[in-house]
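**Student:** the amino acid sequence is not available; the structure is as follows:
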């Protein structure tokens, strides 16, 4: 997501940029949940993935609508203000903070690779545990923490009321999901190899 997020067109509308980033973030979550649904074994995580997939698909539609509306508006404030620089730093923190393993996880899904633990170099030693369920849970926490960072940035600096409502819901829902998945990880410690 970080590479794709950096490739998003910069815009002078901070709300639009938030919506674009959050949409990419949620598309990545849908891809992760699809892999869990396809390959995962744990019923609780599969149920979490199913709910996440449905909820995120709905949110993506809402974000698409907001993006269309925001693109129709004239620029509302200049790109080079203290506020936009601060927003940019917050967004940068959210998108660059995604663990490299998450990007590899998503890339494997898109390429159709079944092996999460296949490693092509020593630098990729963190690419997975060999358990789709455990990898999904661990990556979902990091992924949701990035969504929360984005949502906080929108709540603090955004101006669009609809997107601020979305950001508030993201904060609530994703923290709840983090708590649920962390509880699952605590109940299912990694097996020593």
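**Tutor:** Sure thing, it's come through. Fair warning: this is a prediction, and the values are worked out from it, not measured in the lab. Numbers count the residues shown, from 1 in each chain.

**Student:** which parts of this structure are helices?
**Tutor:** With DSSP state H applied, the chain shows helices at 2-7, 14-39, 43-72, 82-96, 100-111, 132-157, 161-187, listed in chain order.

**Student:** now render those as JSON lines, adding mean pLDDT.
**Tutor:** As requested, the helices of the chain are exported to JSON lines (pLDDT from 0 to 100):
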{"stretch": "helix 2-7", "mean pLDDT": "45"}
{"stretch": "helix 14-39", "mean pLDDT": "89"}
{"stretch": "helix 43-72", "mean pLDDT": "93"}
{"stretch": "helix 82-96", "mean pLDDT": "59"}
{"stretch": "helix 100-111", "mean pLDDT": "48"}
{"stretch": "helix 132-157", "mean pLDDT": "88"}
{"stretch": "helix 161-187", "mean pLDDT": "94"}
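
**Student:** got these as TSV, with mean neighbour count columns?
**Tutor:** For every residue, glycine as well, the C-beta is placed using N, CA and C. Formatted as TSV, the helices of the chain follow (neighbours: other C-beta atoms under 10 Å):
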stretch	mean neighbour count
helix 2-7	14
helix 14-39	22
helix 43-72	16
helix 82-96	16
helix 100-111	17
helix 132-157	22
helix 161-187	16
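
**Student:** what's the distance between the residue lying closest to residue 168 once chain neighbours are set aside and residue 167?
**Tutor:** Residue nearest to residue 168 in three dimensions, not counting chain neighbours: residue 155, with 6.6 Å by C-beta to C-beta, 6 or more residues apart in numbering. Separation of residue 155 from residue 167 (C-beta to C-beta, to the nearest Å): 5 Å.

**Student:** residue 73 now?
**Tutor:** The spacing between residue 73 and residue 167, counted by C-beta to C-beta, is 18 Å.

**Student:** same check on residue 156?
**Tutor:** Separation of residue 156 from residue 167 (C-beta to C-beta) stands at 9 Å.

**Student:** would you check that residue 162 makes contact with residue 66?
**Tutor:** Yes - assessed by C-beta atoms under 8 Å, residue 162 is found in contact with residue 66 at 5.8 Å.

**Student:** got a list of what the residue nearest to residue 60 when sequence neighbours are not counted touches?
**Tutor:** Counting by C-beta to C-beta, 6+ apart, residue 60 lies nearest to residue 26, which is 5.3 Å off, once chain neighbours are set aside. By C-beta atoms under 8 Å, 6 or more residues apart in numbering, the contact set of residue 26 is 56, 59-60, 63, 147.

**Student:** any idea how far residue 176 is from residue 26?
**Tutor:** According to C-beta to C-beta, residue 26 stands 16 Å off from residue 176.

**Student:** where's residue 187 relative to residue 46, distance?
**Tutor:** The gap separating residue 187 from residue 46 is 15 Å, by C-beta to C-beta.

**Student:** and the gap between the closest residue to residue 73 other than its chain neighbours and residue 34?
**Tutor:** Leaving aside its sequence neighbours, residue 73 sits nearest to residue 13 (C-beta to C-beta, 6+ apart; 7.1 Å). For residue 13, the distance to residue 34 (C-beta to C-beta) stands at 31 Å.
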